[in-house]
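Asker: can't give you the sequence, but here's the structure:
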C-alpha cells in the first residue's frame, strides 16, 4: 500500500509543467498510489479560498485524493476562518508556502494562525529545504501541540531535520531525500515513524522517491511505515 | 560481475566525503552501491578536489582507484589555478585510470564565459579527454563555442542544466559532441521524455552522482518513462562505452 504525502494540481506560472488534475491522477494510478494528500496550486499562487474550494471539489470527485488546506497570511482576510473550519470541512492538514509567497516564517500573522491550528489538531506542513527553516518553524510553533511536517528536505537540510526531531514530534516527506542512505540515516536518527513518502507529483517523477523507498535498506516494517503507515497514523491522529 | 540486461556504466560519481549526513561515502560503500544497482564501472571525481583542494583531492583519488579495475577517475581542474590545472592534467591523464576531466562551475564560482575559464577550456580541449562540467543554462553560449571549436571533445553537461533541461536538450541536439547526464535531487517532468525526443537516447548517459545521491533516485524516473530495451542499453552503458573507450572494455 502506498500513500503519498506530497502532491498538487493546477496551473504553474513560473515554468512549463503539466500539473493538471488528470495528469496527477494518471501518475497515481500508474504507480499504484492508493491515497495522496493534495492541494490546488491556485491556493498557492492566486487565492487560497478559491484554491481550497478546488481542492475539496477534486477530492470529493476522486476519493484517492485527500485535501490539504492552505492560507496566505499576507492576504489576512479569511485566514483565521479558513484555519478554524479546516478540519470540519474535511481537510487533513494545513500546508503553507512562505517560499512561494515571499513571507518569512518568523511572521506575526502566522503566529496568530497557529493558535487556531492547534485547536484543530491538524498537522502543519512547511517547506524546510533551506537552512534555518526547520529551526524557525519549531520556534514559532513553540509549545503548541501541532505536528510539524517538513517538506523539501534534501541533503543540505537533513542535519537540521534530525536536530528538530530531538526537540519535537517532527515528520519529513521524502521527495528530495536522494542521498544513498538518506532514508536509513533519518529513520535511525529521527525515529522509525517519522518519514512520509512524498513524490512531489506531478512536478516530479514519482519513480524517484518510490525507488528510493523500495530500495532503502530498512526493515519491511519500517518500509511499510514510510510507504503508507506513518502518514495513515498521522492523519488518523488528526481525525 | 555477471551482467544483467540492465547493467550500467556510471559516468558521474564521486570519491570522498560530503558535508552532509551521508554515511555511504567510503570505497566499500561505493562497491556496495555498485553491486546493489548493477553498476559495472564508475568514473569518479574527488569531492575534496571539487570543494577544497584540487591537487590533494586528485592525488587521493588516484591512490584510491589504483588497482581497482572498475573504478576510473576524472581529473578535477580549477580555472583559478591554470598552471596547477595544467600540471594536474599532465600528471593524471598520462596513465590509464584517469579518463576524463571535471570542472565544477558552482564551487569555482566562475561562469564559463570568464577569461580564466576560457583559458582552462583550451587546456582541456588540447587533451581531448571527455569533459564533465557542472554548469548552468546561462553558461551554454560559452560552452557552445567550446563544443564548436573542439568538435572532437566529448562534453557532458552534468545534470542537464537541472530545471533548464530544455536548453541542455537543444545543446545535445545541435552538437554531436554534447552529452547529458540526469542526476539531481530534482526530477522535473517531462525532462527525460523531452530530452529523448529532442536529442535522442544516444546522447543520454547514466550518471548517479553517488556518493552524494543514490542511484535509485535517477533510476526510478528512467524506469518509469517507458524506455525501450534498445534505449535502455544505450543510456545505461552503450553511450558511456562510446564516450569513454576505456569503459568499453568493461562492456565485454
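Answerer: Looks like it arrived, so ask away. Note that the structure is predicted; figures quoted are calculated from it, not measured. Numbering: from 1, shown residues only, chains lettered A, B, ... in the order given.

Asker: Count the residues that sit near residue A:156.
Answerer: Residue A:156: 16 surrounding residues under other Cβ atoms under 10 Å in any protein chain shown. C-beta coordinates here come from the backbone N, C-alpha and C atoms, glycine included.

Asker: Report the contact partners of the closest residue to it other than its chain neighbours.
Answerer: Leaving aside its chain neighbours, residue A:156 sits nearest to residue B:20 (6.5 Å; criterion: Cβ to Cβ, 6 or more residues apart in numbering or on different chains). Shown in contact with residue B:20 (Cβ atoms under 8 Å, 6 or more residues apart in numbering or on different chains): A:155, A:156, A:158, A:159, A:179, B:212.

Asker: Next one: the first one, what pLDDT does it get?
Answerer: The confidence metric pLDDT takes the value 97 at residue A:155.

Asker: All the strands of the stretch 101-250 of chain B, in order from the start?
Answerer: Remark: strands assigned in the stretch 101-250 of chain B by DSSP state E, counting those that start in this stretch are B:131-134, B:155-157, B:178-180.

Asker: So which elements touch the longest one?
Answerer: Under the contact criterion of 3 or more Cβ pairs under 8 Å, 6 or more residues apart in numbering or on different chains; DSSP states H and E, the helices and strands touching strand B:131-134 comprise strand B:98-104, helix B:105-108, strand B:155-157.

Asker: Kindly present those as TSV, with separate columns for mean pLDDT and mean neighbour count.
Answerer: TSV is the format used below for those (pLDDT from 0 to 100; neighbours: other Cβ atoms under 10 Å in any protein chain shown):
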stretch	mean pLDDT	mean neighbour count
strand B:98-104	98	25
helix B:105-108	96	17
strand B:155-157	98	28
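
Asker: and chain A, which of those is closest to it?
Answerer: Comparing those against chain A with Cβ to the nearest Cβ, the closest turns out to be helix B:105-108 (13.1 Å).

Asker: Could you confirm whether the closest one reaches chain A?
Answerer: No - residues of helix B:105-108 contacting chain A under Cβ under 8 Å from any Cβ of the partner chain: none, with a closest distance of 13.1 Å.

Asker: One more: stretch B:171-183?
Answerer: No - Stretch B:171-183 does not reach chain A (Cβ under 8 Å from any Cβ); its nearest approach is 8.6 Å.

Asker: got the end-to-end distance for that stretch?
Answerer: End-to-end distance of stretch B:171-183 (Cα to Cα, to the nearest Å): 18 Å.

Asker: Same check on stretch B:183-202?
Answerer: 17 Å.

Asker: What of stretch B:220-232?
Answerer: Using Cα to Cα, the end-to-end distance of stretch B:220-232 comes to 13 Å.

Asker: avg pLDDT for it?
Answerer: Confidence for stretch B:220-232, expressed as mean pLDDT, is 96.

Asker: For residue 116, grab the count of nearby residues.
Answerer: The chain I'm using is chain A. 18.

Asker: Chain B was what I was after
Answerer: Counted with other Cβ under 10 Å, residue B:116 comes out at 15.

Asker: cool, residue A:60 as well?
Answerer: Neighbour count of residue A:60, defined by other Cβ under 10 Å: 11.

Asker: Ok, residue A:118 next?
Answerer: Residues within reach of residue A:118, counting by other Cβ under 10 Å, total 17.

Asker: Same question for residue A:77.
Answerer: 8.

Asker: Check residue A:120 too.
Answerer: Number of residues near residue A:120 (other Cβ under 10 Å) recorded here: 20.

Asker: nearest residue to it other than its sequence neighbours?
Answerer: Spatial nearest neighbour of residue A:120, excluding adjacent residues (Cβ to Cβ, 6+ apart): residue A:87 at 4.3 Å.

Asker: For that neighbour, pull up the helix or strand it's in.
Answerer: Assigned by DSSP states H and E, residue A:87 belongs to helix A:79-89.

Asker: Remind me what that helix packs against, helices and strands.
Answerer: Helix A:79-89 is packed against helix A:48-61, strand A:65-69, helix A:108-120, with contacts defined by 3+ Cβ pairs under 8 Å, 6+ apart.

Asker: Mind listing residues that contact the last one?
Answerer: Counting by Cβ under 8 Å, 6+ apart, the neighbours of helix A:108-120 from elsewhere in the structure are A:71, A:73-74, A:76, A:79-80, A:83-84, A:86-87, A:94, A:96, A:98, A:103, A:124, A:140-141, A:144-146, A:238.

Asker: Are any of those buried, and if so which?
Answerer: Using 16 or more other Cβ atoms under 10 Å in any protein chain shown as the burial test, the contacts of helix A:108-120 include A:71, A:73, A:79-80, A:83-84, A:86-87, A:94, A:96, A:98, A:103, A:124, A:140-141, A:146 as buried.

Asker: Pick the one among the residues you listed closest to residue A:224.
Answerer: Distance to residue A:224 across these (Cβ to Cβ) is lowest for residue A:124, with 24.8 Å.

Asker: Contact residues of the stretch 51-200 of chain B facing chain A?
Answerer: Residues of the stretch 51-200 of chain B that fall close to chain A, judged by Cβ under 8 Å from any Cβ: B:163, B:166, B:184, B:185, B:186, B:187, B:188, B:189, B:190, B:192.

Asker: export those to JSON lines and tack on distance to residue A:165 and pLDDT?
Answerer: What follows is those, written out as JSON lines (distance: Cβ to Cβ, whole Å; pLDDT from 0 to 100):
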{"residue": "B:163", "distance to residue A:165": "30", "pLDDT": "95"}
{"residue": "B:166", "distance to residue A:165": "39", "pLDDT": "97"}
{"residue": "B:184", "distance to residue A:165": "26", "pLDDT": "96"}
{"residue": "B:185", "distance to residue A:165": "20", "pLDDT": "94"}
{"residue": "B:186", "distance to residue A:165": "24", "pLDDT": "95"}
{"residue": "B:187", "distance to residue A:165": "26", "pLDDT": "96"}
{"residue": "B:188", "distance to residue A:165": "29", "pLDDT": "96"}
{"residue": "B:189", "distance to residue A:165": "31", "pLDDT": "97"}
{"residue": "B:190", "distance to residue A:165": "35", "pLDDT": "97"}
{"residue": "B:192", "distance to residue A:165": "34", "pLDDT": "98"}
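
Asker: And the furthest pair within those?
Answerer: Largest separation among those by Cβ to Cβ: B:166 and B:185, giving 19.4 Å.

Asker: Which strand or helix spans residue A:210?
Answerer: helix A:206-215.

Asker: Which strands or helices does that helix pack on?
Answerer: helix A:21-30, helix A:182-190, helix B:215-224.

Asker: now these as JSON lines including mean neighbour count?
Answerer: Shown next, in JSON lines, are these (neighbours: other Cβ atoms under 10 Å in any protein chain shown):
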{"stretch": "helix A:21-30", "mean neighbour count": "18"}
{"stretch": "helix A:182-190", "mean neighbour count": "21"}
{"stretch": "helix B:215-224", "mean neighbour count": "24"}
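
Asker: right, and those helices - which one's nearest residue B:145?
Answerer: helix B:215-224 (29.1 Å).

Asker: From the contacts of helix A:108-120, which land in strands?
Answerer: For the contacts of helix A:108-120, membership in strands holds for A:94, A:124, with DSSP state E as the criterion.

Asker: how close does the nearest residue to residue A:1 once chain neighbours are set aside get to residue A:221?
Answerer: Closest residue in space to residue A:1, ignoring its immediate chain neighbours: residue A:228 at 4.5 Å, by Cβ to Cβ, 6+ apart. If you measure residue A:228 against residue A:221 using Cβ to Cβ, to the nearest Å, the figure is 12 Å.
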